[in-house]
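Undergrad: need the 3D shape of this:
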Amino acid sequence: MQTAKELFHKLASFEPDGAYVLSIYLDMSPHMSGKQPWKRTADTELRSRLREIEKTLLPRHPTLEGFRKDAEKVQHYLENHAEPWLQGVAIFACDAHGLFETLETGVPFQNQIAFEPYPDLFQLAHLLDEQETVVTAVVDTNTTRLFVTRQGFLEEVAGPDDSPAGYGKRSAHCLNQARYHRRVENKRKAFAREAAAAIEELVQQEGARRVILAGDAVAIPLLHQELSNTLEPMVHEEILNLDIRTPLREVHDEIRPVMEYMERESSHDQADNLVERIRANGLAVSGMQETLDALEHGQADTLILANDASLDEKLRSELVRRAANTGAQVEVVMGHPILQEMGGVGALLRYRPHWV
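TA: You can find the predicted model right below:
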């Protein structure tokens, strides 16, 4: 199964050659109210939008037949393949080129249905920015539970686990208390070393950029001592009320606000960096046309977009497409007043282009 990142880059390089692409983002969570609390409001909105789009293609628009085929495929997919536990679904279809791609997520999208010359990639870029792969380790002195968050889904993977025998310190009646305590400390350190190696291996395997550590007061300091210099900067240590036997659902509920906080802090840091560079006449631009130009010439290192700014959806999607095709990162920022005053769009530059 392809990842969201793989799909993002595949769609960014897709050339419809005059055909149109149906881009669909749906909030699949039930609305939990009224006579049918389990019903998804996205179903009604999707049918309404598809009818609305079809009317604009009547009676004989060149893309009408392809649109109808794509709409039928979408309905068939949702009726037969969309699982009830999904929170979000993205679908991209273009019958003329045999394109039909789907992405299922553990977080909802905003309902959006568009039929345009290129795929609309903004919400997909937002997902990649907001829902980065995160490794979480819940530890005590002899057990490490490892979790991976991908596209809003939390999965537990096997971690080091040892019998508790020999990890606890006795308080009295030991023939050689000091020797016994040293043996316990050495055993705990050895397990922390094993846990650190398992975390690092999982981070490399998943391409994670962030790590959350949760555990008891004895295990966490020992684990920190064994983390590599590469891994340590990725770590966010949080005092979470997580027992080593906490069920998966509760782990997900506990770490979700932590991940939201980390993403909010990171995105605001990027926006602050943009503002500082603009003030210093440094390597940055702001405004729609200036940012489009920087992306067009491959000078942009990071595209920064305000999620709560009034940007034209087509231009916003074009910004994201250009960013993907020139290797620029996309950072979506919520609640940054200065960025909004700057038009809600800007870019950090690799170097200053000659036209600025």
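
Undergrad: quick check: buried residues in the helix or strand bottoming out on mean pLDDT in the chain?
TA: Least confident helix or strand of the chain, by mean pLDDT, DSSP states H and E, is strand 235-237 with a mean of 82. By 16 or more other Cβ atoms under 10 Å, the buried positions in strand 235-237 come out as Val235, His236. Quick note: C-beta positions are derived from backbone N, CA and C, even for glycine.

Undergrad: check which strands are paired with that strand and give the direction for each one.
TA: Partners of strand 235-237 in the sheet, by DSSP bridges, are strand 210-215 (parallel).

Undergrad: list the buried residues of the strand it pairs with.
TA: Going by neighbour count (16+ other Cβ under 10 Å), the buried part of strand 210-215 is Arg210, Val211, Ile212, Leu213, Ala214, Gly215.

Undergrad: average pLDDT for the helix or strand containing Pro221?
TA: Assigned by DSSP states H and E, Pro221 falls within helix 219-226. What helix 219-226 shows for mean pLDDT is 90.

Undergrad: what angle separates it from strand 210-215?
TA: 140 degrees (axes from the mean of the first three to the mean of the last three Cα atoms, to 10 degrees).

Undergrad: roughly how far is the lengthiest helix in the chain from the heart of the chain?
TA: Ranked by number of residues, the top helix in the chain under DSSP state H is helix 248-279. The chain centroid and the centroid of helix 248-279 are separated by 11 Å under Cα atoms, centre = their mean, to the nearest Å.

Undergrad: likewise stretch 221-241?
TA: On Cα atoms, centre = their mean, the centre of stretch 221-241 falls 21 Å from that of its chain.

Undergrad: got the buried residues for it?
TA: Leu222, Leu223, Glu226, Leu227, Leu231, Met234, Val235, His236, Glu238, Leu240.

Undergrad: dump those to JSON lines, plus distance to Leu7.
TA: Converted to JSON lines, the buried residues of stretch 221-241 look like this (distance: Cβ to Cβ, whole Å):
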{"residue": "Leu222", "distance to Leu7": "40"}
{"residue": "Leu223", "distance to Leu7": "35"}
{"residue": "Glu226", "distance to Leu7": "36"}
{"residue": "Leu227", "distance to Leu7": "32"}
{"residue": "Leu231", "distance to Leu7": "28"}
{"residue": "Met234", "distance to Leu7": "25"}
{"residue": "Val235", "distance to Leu7": "29"}
{"residue": "His236", "distance to Leu7": "27"}
{"residue": "Glu238", "distance to Leu7": "31"}
{"residue": "Leu240", "distance to Leu7": "32"}
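
Undergrad: biggest separation within those, which pair?
TA: The distance between the two most remote of the buried residues of stretch 221-241 (Cβ to Cβ) is 20.4 Å, for Glu226 and Leu240.

Undergrad: give me the nearest residue to Gln329, chain neighbours excluded.
TA: Thr302 (4.5 Å; Cβ to Cβ, 6 or more residues apart in numbering).

Undergrad: now do Arg68 against Val74, distance only.
TA: According to Cβ to Cβ, to the nearest Å, Arg68 stands 11 Å off from Val74.

Undergrad: equivalent analysis for Ala294, please.
TA: 35 Å.

Undergrad: packing partners for the helix holding Pro221?
TA: When contacts are defined as 3 or more Cβ pairs under 8 Å, 6 or more residues apart in numbering; DSSP states H and E, helix 219-226 sits against strand 134-139, helix 177-206, strand 210-215, strand 235-237.

Undergrad: surely Ile24 is within a strand?
TA: Yes: looking at Ile24 with DSSP: H, G, I helix; E, B strand; the rest coil, it is inside a strand.

Undergrad: residues in contact with it?
TA: By Cβ atoms under 8 Å, 6 or more residues apart in numbering, Ile24 lies in contact with Leu46, Val74, Val89, Ala90, Ile91, Phe92, Ala93, Gln112, Ile113, Ala114.

Undergrad: hmm, 10 Å instead?
TA: Residues near Ile24 by Cβ atoms under 10 Å, 6 or more residues apart in numbering: 42, 46, 49-50, 70-71, 74, 77-78, 89-93, 102, 109, 111-115, 120.

Undergrad: ok, Thr302 next?
TA: 270, 273-274, 284, 323, 328-331, 346-350.

Undergrad: over to Ile199?
TA: 135-137, 139, 144, 146, 159-160, 208, 211, 213, 223, 226-228, 231, 234-235.

Undergrad: how does it look with 6 Å?
TA: For Ile199, the contact set (Cβ atoms under 6 Å, 6 or more residues apart in numbering) comprises Ala137.

Undergrad: so how far is Glu155 from it?
TA: Computed as Cβ to Cβ, the Ile199 to Glu155 distance reads 15 Å.

Undergrad: likewise for Glu206?
TA: For Glu206, the distance to Glu155 (Cβ to Cβ) stands at 10 Å.
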